[in-house]
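# Got a predicted structure plus its sequence, pasted below:
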Amino acid sequence: MIRKKVLLAIFAGLMISMFVFAADITGTWTASFDTVIGVQNYTYTSKLEGNKLTGHVKSQYSDVDISEGTINGDDISFVENLSFDGMPLRIAYKGKISGDEIKLTRNVAEIATEEAVAKRAK
């Protein structure tokens with residue numbers, strides 16, 4: 001019984017530490033993606049609450065809220081749902097946070113994969 005309580009306490013501590021050590025990405029970030037339709041400049045405004053990421057995505061083609069945003073340690077993921085020429089377009093992002101940079105990979109509607117580095121706006 002005591003062993004079970006000790007294991008439970010260790011597990012709870014590990015779970016709490018995941019949130020404590022999550023990278024704080026609250027703020028404004030910018031990135032440029034080189035795409036088949038040209039360079040797209042993005043501004044991301046983000047807020048972190050526990051491991052939930054909320055915020056906004058803005059570009060010449062997009063002005064939407066972040067959905068499905070999560071952060072786990074220095075790993076980040078979120079979705080940009082937009083309408084392009086009247087058709088729904090899902091762009092899923094994954095990335096790795098390192099200081100004032102996020103190395104992003106995004107999957108555009110299961111058609112194209114693109115990479116960029118987002119930098120914290122100063």
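Nice, thanks for sending it over.
# Poorly predicted segments of the protein, please.
1, 3-23 (pLDDT under 70).
# Please enumerate the helices of it.
2-20 (DSSP state H).
# Okay, strands next: where are they in it?
With strands called from DSSP state E, the chain shows them at 27-35, 38-49, 52-58, 63-72, 75-84, 87-98, 101-108, 112-120.
# which stretch among those comes nearest residue 2?
Set against residue 2 and scored by C-beta to C-beta, the strands of the chain come closest in strand 63-72, at 30.6 Å. From N, CA and C alone the C-beta is placed, and that goes for glycine too.
# which helices and strands does the closest one pack with?
Counting contacts by 3 or more C-beta pairs under 8 Å, 6 or more residues apart in numbering; DSSP states H and E, strand 63-72 is packed against strand 38-49, strand 52-58, strand 75-84.
# could you dump those strands to CSV with distance to residue 91 and mean neighbour count?
Putting the helices and strands packed on strand 63-72 into CSV (distance: least, C-beta to C-beta, whole Å; neighbours: other C-beta atoms under 10 Å) gives the following:
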stretch, distance to residue 91, mean neighbour count
strand 38-49, 10, 16
strand 52-58, 8, 17
strand 75-84, 4, 17
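# Which one, of those, ends up nearest to residue 25?
strand 38-49 (5.3 Å).
# quick check, distance from the closest one to the centre of its chain.
In terms of C-alpha atoms, centre = their mean, to the nearest Å, the centre of strand 38-49 is found 9 Å from the chain centre.
# just stretch 30-38 next, same as before
Chain-centre distance of stretch 30-38: 17 Å, with C-alpha atoms, centre = their mean.
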